[in-house]
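[1] structure for the following, please:
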Amino acid sequence: MAERSTAAVDVAANSGDDEPLTAQADESTADGVAQNRERDTENDEAQGSGGTESPGKASPPELHSGHKLAKRYRLEECVTRLDGFSSWRAVDEKLRRAVGVHILPAEHSRARSVLAAARSSALLGDPRFVQVLDAVEENDLVYVVHEWLPDATELTALLAAGPLEAHDAYQMVSQISSAMAAAHREGLAHLRLTPGTILRSSSGQWRVRGLAVNAALRGITSDTPQRTDTEAIGALLYAALTQRWPYENDAYGLSGLPKGVGLIPPDQVRAGVHRGLSELAMRALANDGATASRHESACTTPEELVKAIGEMPRIRPPEPVFTAPPDYQRTTYQQGSYGRQAPHPGATQPLPTPPPPLQSRTGKALKWAVSALLIAALGLGSWQLADALMDGGGSEDTHQTQTPDDNHKGTDKAKPVTALKIQGAEEYVAKGSAQHPGDVGNTYDGDSSTYWRTASYKDGPDMNPAYKPGVGIVYDFGSAKEVSAASIGLLFGSDHTTVTLYSTDSPSSSVPLTSMTKLGTVTTTGTTAKVTVSKPVKSRYVLVWFTALPYAAGDSFSDAGYKQAITDLKFTG
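    Sure thing, here's the model as predicted:
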C-alpha cells in the first residue's frame, strides 16, 4: 500500500493550481476507441487553467507501423502524437490480441512519473478501469501497454447522437463515481476525466481509461485531486443530461453554455431532465464559486458523491414499449357489401340473416358434387376388389421384378452439407500494399467481435482497377476440398459490397486472377454475403475477393470512406 501511494504522489504532485482541469478540450489518448487519429490538441480555455507543466524537450521517438517492441508488440496505427509522446494501436503477437501502447523517450522529463503512474494503476486491478498490462523501460524508450476495447463506445460518440436517457445517465454516474472512490482509497487519481475517457461496453457496463497515466503523460497535477475528479464527474453527468458542456467554451464536440448566464441547472437547460440527477450534477459541480441549485450540500469527493447517489430514489429502466397490432379490418367484399352503396355515417344497418347451412344455391350444388364423388369411389373400389379376388385365386407367383428406381423412388436425401475447416490464410495483394495481414486469422477464429478490415478509400463503391483492383484473402484447407458455398460476415452494411470466390492452385499473390477459376459472385447491401458455387469444385485454395466496398463513417481505426471488414467466414462443401 505504501508503494502504491508513493507512486500516486508522483502523478498527483502539488502544483499550487486549484483551477478545475476537466474541460481541457483535447482528444483523449486512445485506450480502445480513439475518435481522432494523429492529433491531440490542448485547449485549456474550455473550463479554466489546466495544471499542465511544460513539455519535455525530448522529441517523440521515430517509430512506424510494423515496428515491434520487446519482439512482441507490433505497432499498427498511431492515434495520438503530442508533447513528445505518441500513442498507438498495436497487436500483441504472443496472445494475438489488440492492445494500446503509449511511448516516449526514456530521457523525457515525464518518463519516470509515467512509469510510476502505470505501475500504480496496474496494481489496482479494478475491472472498472481499462487495465495496464505492462510498463517497461527498454532501448531508450519507455512504453505502457494497456487493454484495447474494440467493442466499447466513448461517451463522446454516445452524446453526439443526443442526451442519455435518465436510467443510462444514472448508471453512468453511479458506476464511474464508485470506481473513482475505490481508486482514491488506494491513493490514485485520474485528474483528466473527459467524455473521451469514459467507455460503455457492449454489455452496458461503464469503464474508465487512463487512470493516473493520462495525467502523467501530460504533466497534469492538482493540490486537490479528489475535488478535481468529483467536479469532472459532475461535468460528465451534466453533459449526459443536456448534451451541453457546463462551461462557456465548447469542448469534446459539445456546445458550451451561453456566455454570461453562469452555471445553470440541467433541468433549466433542457426540458424533461430528471430533477434528482440535475441536482446531483450541480452538487458535484459546486466548486470554485459555483453553487448548488437547491439547498443540498456540495459533494467534493467521489465518496460523498457515491453517498448522495445512494440516497436518491433508484431510477428504473424504462418499460419496454410493445406496439399493439392493428385491429383486423374486413374488406367490403368480406362484409357482403361489395357493389352496394356505402351506409350513411352513424346509421345503424341491420345485419342480413345467413341462410341455413347448405341451403343456398352453392350449398345444393356442393351436395350433388359430393354425392357423385362418393358413388364413383364406391364403384371403383368394388371393381378393384373383384379384380384382386380373381387374380389371387389363379396364381401364387411371388417373383416380382423391381427396378432400383422403383424401390427408392421418393426416398433420395439431399447430400449433407459439411463445414470446411480452414488451416490457414494470407492476404492476396494484386497491386499496391497489403491491408492488415496480421488480422486475417480473425476472420475464421469463431469470434464475430474480431475482424480483418480493409483500408479506407476515397473512391467507391467500385474499386479503381488502375489504383487498386480489389482486396482479399486466400484461404487454405490443407488439402483439396469440394467447395459449394461461402458465408461471409461483414462489419459494414451499406451500398454496396461485391465479393467473388476464385479457386487457385497457390496462395501466392504472384498468381494473376486471370489464371484462377471463378466460382461465384454476389453483391449485397447487408452484413452477410452468401456466395453459392453453381457447380462445386475441388480446390485447396480459395480466394475471397472484394471489388466494391460500401461507404462507412470514421472510427477508431480509420477515416470515413469506402471500406469493409470480414468478421466471420465459413466455407461449406
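
[2] stretch 265-281: how far from the chain's middle?
    Taking Cα atoms, centre = their mean, to the nearest Å, one finds the center of stretch 265-281 at 30 Å from the center of the full chain.

[3] ignore the last one, stretch 245-252
    In this view, stretch 245-252 has its centroid 28 Å away from the chain centroid, taken as Cα atoms, centre = their mean.

[4] now do stretch 248-263
    Between the mean C-alpha position of stretch 248-263 and that of its chain there is a distance of 30 Å (Cα atoms, centre = their mean).

[5] buried residues in that stretch, which are they?
    Neighbour-count burial for stretch 248-263, counted by 16 or more other Cβ atoms under 10 Å, picks out 248, 249, 250, 251, 252, 253, 254, 256, 257, 263. Placement of C-beta: from N, CA and C, glycine included.

[6] number of residues surrounding the residue lying closest to residue 214 once chain neighbours are set aside?
    Here the nearest residue to residue 214 in space, its sequence neighbours aside, is residue 192; by Cβ to Cβ, 6 or more residues apart in numbering that works out to 4.6 Å. The local packing count at residue 192 equals 29, with neighbours defined by other Cβ atoms under 10 Å.

[7] can you list the residues that contact stretch 466-476?
    Taking contacts as Cβ atoms under 8 Å, 6 or more residues apart in numbering, the residues outside stretch 466-476 that touch it are 422-428, 430-432, 435, 440, 443-444, 452, 454-455, 457, 459, 463, 504, 507, 513, 540-547, 566, 569, 571.

[8] now do the buried residues in it.
    Applying a neighbour-count criterion of 16+ other Cβ under 10 Å, one finds 468, 470, 471, 472, 473, 474, 475 buried in stretch 466-476.

[9] circling back: can you turn the buried part of the contacts of stretch 466-476 into a PyMOL selection?
    Applying 16+ other Cβ under 10 Å to the contacts of stretch 466-476, the buried members can be selected in PyMOL as follows:
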select buried, resi 422+425+426+427+428+430+435+440+443+444+452+454+455+457+463+504+507+513+540+541+542+543+544+545+546+547+566+569+571
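
[10] quick one: which of the contacts of stretch 466-476 sit in strands?
    Counting by DSSP state E, the members of these that fall within strands are 424-428, 452, 504, 540-547, 566, 569, 571.

[11] so which two of the buried residues of stretch 248-263 are the farthest from each other?
    Using Cβ to Cβ, the pair of the buried residues of stretch 248-263 lying farthest apart is 253 and 263, separated by 20.2 Å.

[12] so what's residue 280 closest to, chain neighbours aside?
    The spatial neighbour of residue 280 that comes closest, neighbours along the chain excluded (Cβ to Cβ, 6+ apart), is residue 308 at 6.1 Å.

[13] now for the protein, the helix or strand with the poorest mean pLDDT.
    When the helices and strands of the chain are scored by mean pLDDT, DSSP states H and E, helix 2-11 comes last with a mean of 36.

[14] related to what we said a few turns ago, can you redo the buried residues of stretch 248-263 as CSV with pLDDT, distance to residue 374 and secondary structure?
    Conversion of those to CSV gives the following (pLDDT from 0 to 100; distance: Cβ to Cβ, whole Å; DSSP: H, G, I helix; E, B strand; the rest coil):
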residue, pLDDT, distance to residue 374, secondary structure
248, 89, 93, coil
249, 90, 92, coil
250, 91, 87, coil
251, 92, 87, strand
252, 91, 83, coil
253, 91, 81, coil
254, 93, 82, strand
256, 92, 88, strand
257, 90, 88, coil
263, 89, 91, coil
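
[15] of all those residues, which comes closest to residue 376?
    Compare each of those with residue 376 using Cβ to Cβ and the shortest gap goes to residue 253, at 81.7 Å.

[16] contacting residues for that closest one?
    Residues touching residue 253, when contacts are defined by Cβ under 8 Å, 6+ apart, comprise 156, 159, 160, 195.

[17] my read: the first one touches residue 252, true?
    When you say that, I think you mean residue 156. Yes. Using Cβ atoms under 8 Å, residue 156 is in contact with residue 252, at 5.5 Å.

[18] which neighbours do the two share?
    By the contact definition Cβ under 8 Å, 6+ apart, residue 156 and residue 252 are jointly contacted by 195, 196.

[19] residue 554 touches residue 563, doesn't it?
    No. Here residue 554 does not reach residue 563: they are 9.9 Å apart, not a contact under Cβ under 8 Å.

[20] before we move on, back to that, can you tell me how far the residue nearest to residue 214 sits from residue 541?
    Using Cβ to Cβ, to the nearest Å, one gets 50 Å for the distance from residue 192 to residue 541.

[21] with residue 438 instead?
    For residue 438, the distance to residue 541 equals 20 Å [Cβ to Cβ].

[22] what of residue 157?
    Counting by Cβ to Cβ, the separation of residue 157 from residue 541 is 40 Å.

[23] just the buried ones from the contacts of residue 253, in ChimeraX syntax?
    With 16+ other Cβ under 10 Å as the criterion, this ChimeraX line picks the buried residues out of the contacts of residue 253:
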select :156,159,195
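
[24] I'd like the contacts of residue 253 written out as JSON lines, with distance to residue 303 added.
    JSON lines is the format used below for the contacts of residue 253 (distance: Cβ to Cβ, whole Å):
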{"residue": "156", "distance to residue 303": "27"}
{"residue": "159", "distance to residue 303": "26"}
{"residue": "160", "distance to residue 303": "32"}
{"residue": "195", "distance to residue 303": "23"}
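
[25] for the most centrally placed residue in the chain, what is the enclosing helix or strand?
    In the chain, the C-alpha closest to the average C-alpha coordinate belongs to residue 151, at a distance of 4.6 Å (Cα atoms, centre = their mean). No secondary structure element spans residue 151, as it lies outside all helices and strands (assigned by DSSP states H and E).
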